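A.B. asks: Dropping the sequence and predicted coords here.
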Amino acid sequence: MIGVDLRRSTSCAALLGSLLFAASLAAQTPSPTASADPQAAELIRQSLVLLHQGEQTISESERRSSYERGLELAVKAVELDPGSAEAHWAEFANRGRLMWMQGVFPSLIHLFRLRRSLNRTLDLDPNHSGALTARGAMYRELPGFLGGDLDKSQADLERAMALDPSSIATRLHLARTYLEAGKREQALPLIEAGKRMARERNSPNHLADAEELSREAL
């Protein structure tokens, strides 16, 4: 959820929290140019469908199963086409969401893999709205001495929303950043729009996030 308090007692814990928080995003529809390799493109499509299914269900066991299978397919897609930004994004989103659900402190190698997938996505596609949203959330959640920066968070999230105004997750993450920056009046319309969009799309997880933000904005 957007309002979850994260562990920040050590540098590693702060990095963990920010990356897993950034990974708690809605699924993104893969672009028609997700991969030049037809097999990889189909694996990416299936992986992101599973990510979307995980985001739409409340059952923890069903969500975990969706993310695990989505991660498996994304890893195969990266192996087939390491130059596909969408394949790296699918790996980041499924792996991070699964780690977030597990609620355990993972090894440094898992953290490295998660951050590598995010960085590689943006290296290959600087206008990838999902990855920009994730990085914007990361800038917000990290403490300053590890690179946290609300101005950078706002810049990434505003850019992501301009690229994909239909994303509920981006809208709510930007609202969160505005609230933490003391910009309540800019946050409120985003929260209300997020609630309306979540109801229209029958997205209970996003609706819960938006309602939580509404309470925090009071």
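C.D. replies: Noted; the coordinates are in hand.
A.B. asks: Which residues outside stretch 62-75 are in contact with it?
C.D. replies: Contact partners of stretch 62-75, identified using Cβ atoms under 8 Å, 6 or more residues apart in numbering, comprise 43-44, 46-51, 53-55, 57, 87, 90-91, 93-95, 97-98, 101. Where you see a C-beta, it was placed from the backbone N, CA and C, and this is true even at glycine.
A.B. asks: buried stuff in that stretch?
C.D. replies: 63, 66-67, 69-75 (16 or more other Cβ atoms under 10 Å).
A.B. asks: do the same with stretch 135-149
C.D. replies: 135-142, 148.
A.B. asks: what would those look like in JSON lines with distance to Tyr178 and pLDDT?
C.D. replies: Formatted as JSON lines, the buried residues of stretch 135-149 follow (distance: Cβ to Cβ, whole Å; pLDDT from 0 to 100):
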{"residue": "Arg135", "distance to Tyr178": "17", "pLDDT": "91"}
{"residue": "Gly136", "distance to Tyr178": "12", "pLDDT": "93"}
{"residue": "Ala137", "distance to Tyr178": "13", "pLDDT": "89"}
{"residue": "Met138", "distance to Tyr178": "17", "pLDDT": "87"}
{"residue": "Tyr139", "distance to Tyr178": "14", "pLDDT": "90"}
{"residue": "Arg140", "distance to Tyr178": "10", "pLDDT": "91"}
{"residue": "Glu141", "distance to Tyr178": "15", "pLDDT": "84"}
{"residue": "Leu142", "distance to Tyr178": "18", "pLDDT": "83"}
{"residue": "Gly148", "distance to Tyr178": "16", "pLDDT": "89"}
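A.B. asks: Which one of those residues is nearest to Thr170?
C.D. replies: Using Cβ to Cβ, Gly136 is the member of the buried residues of stretch 135-149 that lies nearest Thr170, at 8.1 Å.
A.B. asks: Let me see the contact set for Leu207.
C.D. replies: Contacts of Leu207 by Cβ under 8 Å, 6+ apart are 195, 198-199.
A.B. asks: at 10 Å instead, please
C.D. replies: When contacts are counted by Cβ atoms under 10 Å, 6 or more residues apart in numbering, Leu207 touches 168, 194-199, 201.
A.B. asks: Since that was my last question, I'll sign off now.
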